[in-house]
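Q: Pasting the sequence and the predicted model now:
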There are 2 protein chains.
Amino acid sequence: MNELTIARAEILKAIAQPTRIKIIEFLRDGERCVCEIFPAIAEEQSNTSRHLKMMQSCGILARRKEGLKIFYALKHSEVLGILELVLSILKKEISGRNGLLQVV
Amino acid sequence: MNELTIARAEILKAIAQPTRIKIIEFLRDGERCVCEIFPAIAEEQSNTSRHLKMMQSCGILARRKEGLKIFYALKHSEVLGILELVLSILKKEISGRNGLLQVV
DNA sequence: CCACTGTATGATTGTATGCTCATACAGCAA
DNA sequence: TTGCTGTATGAGCATACAATCATACAGTGG
């Protein structure tokens, strides 16, 4: 199996999960502390921590320490671009299905 | 949990898998028959069939029947755009790590 | 030192995923 | 009809994932 293909799947998998998408959306406006992130997305601290670690080790999040607090931020704006493209697929799909519904 | 967030994760999950990425790449130039796809990506017929079905029910592949043969095609060019963005993340990550290596 | 806050991690559980093998099914041809 | 080709699917298995709870760890302040 092609290494590059596996690496691409890894990056995409790191985005393809609801909790992680919520994190990414919350980080859209810039760096945030863990203690801000998990209440904002309404997930447990431990669960949030694991997702953050996962995305950081995949290279899509940056991590910065400041005393007790840990700040995470998006490293690549492409991640937001990917979510945009997904949204536009969804929009087309939904309108396509509406079309079908009208026919039926 | 937000419905839209789950839907976005679903679409991304449908792409975030090596075998499915190979299929998508193979369909880049247009519609192909199953009997062309599975030898091209070097996977079993049954496995390929499942992945094709999965992507079709997610709405990212179109399916057309012609006699015995079934043809699949990409429905949204955004899918290729997503793969492009992932590639550019990977390129930046790899060069970043090379940079680190040079420092160390 | 101790207590406290913020973050990470071990253990566990239930569920989902990807693959393989065998088999079923659909459509054509003899 | 029978046989053949192309595709889909059921069963089983091994592995991966996400979530939770409890606990550990790091850093600060008293």
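A: In hand now; what should we look at? Nothing here was measured: the structure is a model prediction, and the numbers come from that model.

Q: Can you classify A:S88 as helix, strand or coil?
A: Judged by DSSP: H, G, I helix; E, B strand; the rest coil, the three-state class of A:S88 is helix.

Q: Can you read off the pLDDT for it?
A: Looking at A:S88, its pLDDT is 97.

Q: Contacts for stretch A:50-63, please.
A: A:10-11, A:14-15, A:17, A:19-20, A:23-24, A:27, A:31, A:34, A:37, A:43, A:70-76, A:79, B:89, B:93, B:96 (Cβ atoms under 8 Å, 6 or more residues apart in numbering or on different chains). C-beta: built from backbone N, CA, C; applies to glycine.

Q: how far is that stretch from where the chain is centred?
A: Relative to its chain's centre, stretch A:50-63 lies at 10 Å (Cα atoms, centre = their mean, to the nearest Å).

Q: what is the mean pLDDT for that stretch?
A: For stretch A:50-63, the mean pLDDT works out to 98.

Q: Quick one: end-to-end distance for that stretch.
A: 13 Å (Cα to Cα, to the nearest Å).

Q: So what does A:K69 look like in phi/psi?
A: The phi/psi pair for A:K69 (degrees, to the nearest 10) reads phi -90, psi 150.

Q: correct me, but it touches A:C35?
A: Yes: A:K69 lies in contact with A:C35 (Cβ atoms under 8 Å); the separation is 6.6 Å.

Q: follow-up on the earlier one: out of the contacts of stretch A:50-63, which are inside helices?
A: Judged by DSSP state H, helices contain the following of these: A:10-11, A:14-15, A:19-20, A:23-24, A:34, A:37, A:79, B:89, B:93, B:96.

Q: Just the buried ones from those, in PyMOL syntax?
A: With 16 or more other Cβ atoms under 10 Å in any protein chain shown as the burial test, the buried ones among those are selected in PyMOL as follows:
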select buried, (chain A and resi 10+11+14+15+19+20+23+24+34+37+79) or (chain B and resi 89+93)
